[in-house]
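Chemist: 3D model of this:
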Amino acid sequence: MSVTTSGPSGRSVIVTGAGSGIGRATALLFAKEGARVVIADVDDAAALAVAEEVAQGGGTAVAVIGDLRDQAVVDRVAATAVEEFGGIDVLVNNAGIMDSMSAAADTGDDEWERVIGVNLTAPFRLTRAALPHMLAAGKGAIVFTASEASLRGSAAGAAYTASKHGIAGLTKSLAVMYRGKGIRCNAIAPGGTLTKIRVDADRDAHGPAALAPYMGNAGSPARAEEQAAAIAFLASDAAGNINGVILPVDNGWSAV
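Modeler: As a prediction, this is how the structure comes out:
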């Protein structure tokens, strides 16, 4: 399912998880700068609402709805960018979900597979789908939303931490593999951010209890727009020699 709105031409940008939070702020910022944006989200109402926001601002957006754990959805997102906008200049792999802050011994297969599937496997597959188009063009920028949990073991549960460490490794691998092909890959590592993402955790369970002493170092949360600004910078020509970086946007949490 998709909806197309009209507006100025520019770079072709895919933003996943664009129906809310950091993804929404990123999609709106790129559209404001004149990019044509594929808004990918599992929530149809949210994705369509963001597409409408872009339209009201005079921008161009196509909403593609579906679960990115489904390869057919991944293929449709990439194909939409190519068919509607002529290629893929920027890929923002932002979609993600939290775990329940579970310690490894308390992490069930369902939680593990769901978190790894959304946070790591889906962005890998979409990157794989986008790369041939970037390689053909001889240029491209990929930005992942990693996490403070990419940098330490005290910011989330076992599944989320593993998924975001995986994103950090994938970011660096892509940077090395494709730096000679005109493609850059970087990631932001948000700390606490004001979004609708929820953590369904049992505070008395081992994981949340073990993590609690460290969470006080997080500091004040960022606005989604601050994360979006960092993403847009990493995708821009101004960051043309920045590659393989995991950029903390965390009010100094990673420095503690």
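
Chemist: need the next SSE after the helix or strand bottoming out on mean pLDDT in the chain, C-terminal direction.
Modeler: Lowest on mean pLDDT, DSSP states H and E among the helices and strands of the chain sits helix 206-215, with a mean of 80. Counting by DSSP states H and E, the next helix or strand C-terminal to helix 206-215 is strand 222-223.

Chemist: and that following strand, what does it pack onto?
Modeler: strand 193-194 (3 or more Cβ pairs under 8 Å, 6 or more residues apart in numbering; DSSP states H and E). Quick note: C-beta positions are derived from backbone N, CA and C, even for glycine.

Chemist: longest strand in the protein, by residue count?
Modeler: strand 183-190 (DSSP state E).

Chemist: and that one, C-alpha only, in CSV?
Modeler: What follows is strand 183-190, C-alpha atoms only, in CSV (Å, rounded to 0.1, in the frame of the first residue of the first chain):
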residue,chain,number,x,y,z
ILE,A,183,29.4,4.7,-0.7
ARG,A,184,29.7,5.9,2.9
CYS,A,185,28.1,4.2,5.9
ASN,A,186,27.8,5.7,9.4
ALA,A,187,25.5,5.4,12.4
ILE,A,188,24.1,7.6,15.2
ALA,A,189,24.0,6.1,18.7
PRO,A,190,21.1,7.8,20.5
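
Chemist: please work out how many residues are found near the residue nearest to residue 251 when sequence neighbours are not counted.
Modeler: Once flanking residues are discounted, residue 251 sits nearest to residue 219: 4.0 Å by Cβ to Cβ, 6 or more residues apart in numbering. Residue 219 has 14 neighbours, counted by other Cβ atoms under 10 Å.

Chemist: list the contacts of residue 219.
Modeler: 191-192, 250-253 (Cβ atoms under 8 Å, 6 or more residues apart in numbering).

Chemist: mind redoing it with 10 Å?
Modeler: Contact analysis of residue 219 by Cβ atoms under 10 Å, 6 or more residues apart in numbering lists 191-192, 250-253, 255-256.

Chemist: ranking by neighbours, what's the top pick from the residues you listed?
Modeler: residue 250 (25 neighbours).

Chemist: in the least confident helix or strand of the chain, what's buried?
Modeler: Buried positions in helix 206-215, judged by neighbour count with 16 or more other Cβ atoms under 10 Å: 207-208, 211.

Chemist: what's the answer for stretch 24-34, then?
Modeler: So for stretch 24-34, counting by 16+ other Cβ under 10 Å, buried means 24-31.

Chemist: cool, stretch 120-139 as well?
Modeler: 120-123, 125-127, 129-131, 133-134, 137.

Chemist: for that stretch, C-alpha coordinates in PDB please.
Modeler: Provided in PDB are the C-alpha atoms of stretch 120-139 (Å, rounded to 0.1, in the frame of the first residue of the first chain):
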ATOM      1  CA  LEU A 120      19.500  -6.300  12.600                       C
ATOM      2  CA  THR A 121      18.300  -8.700  10.000                       C
ATOM      3  CA  ALA A 122      15.800  -6.300   8.400                       C
ATOM      4  CA  PRO A 123      18.200  -3.400   8.000                       C
ATOM      5  CA  PHE A 124      20.900  -5.800   6.600                       C
ATOM      6  CA  ARG A 125      18.400  -7.000   4.000                       C
ATOM      7  CA  LEU A 126      17.300  -3.500   3.000                       C
ATOM      8  CA  THR A 127      21.000  -2.400   2.800                       C
ATOM      9  CA  ARG A 128      21.700  -5.500   0.600                       C
ATOM     10  CA  ALA A 129      18.700  -4.500  -1.600                       C
ATOM     11  CA  ALA A 130      19.900  -0.800  -1.900                       C
ATOM     12  CA  LEU A 131      23.600  -1.500  -2.600                       C
ATOM     13  CA  PRO A 132      23.300  -2.600  -6.300                       C
ATOM     14  CA  HIS A 133      21.600   0.700  -7.100                       C
ATOM     15  CA  MET A 134      24.100   2.800  -5.200                       C
ATOM     16  CA  LEU A 135      27.000   0.800  -6.800                       C
ATOM     17  CA  ALA A 136      25.500   1.500 -10.200                       C
ATOM     18  CA  ALA A 137      25.300   5.200  -9.500                       C
ATOM     19  CA  GLY A 138      28.800   5.200  -7.900                       C
ATOM     20  CA  LYS A 139      27.600   7.000  -4.800                       C
END
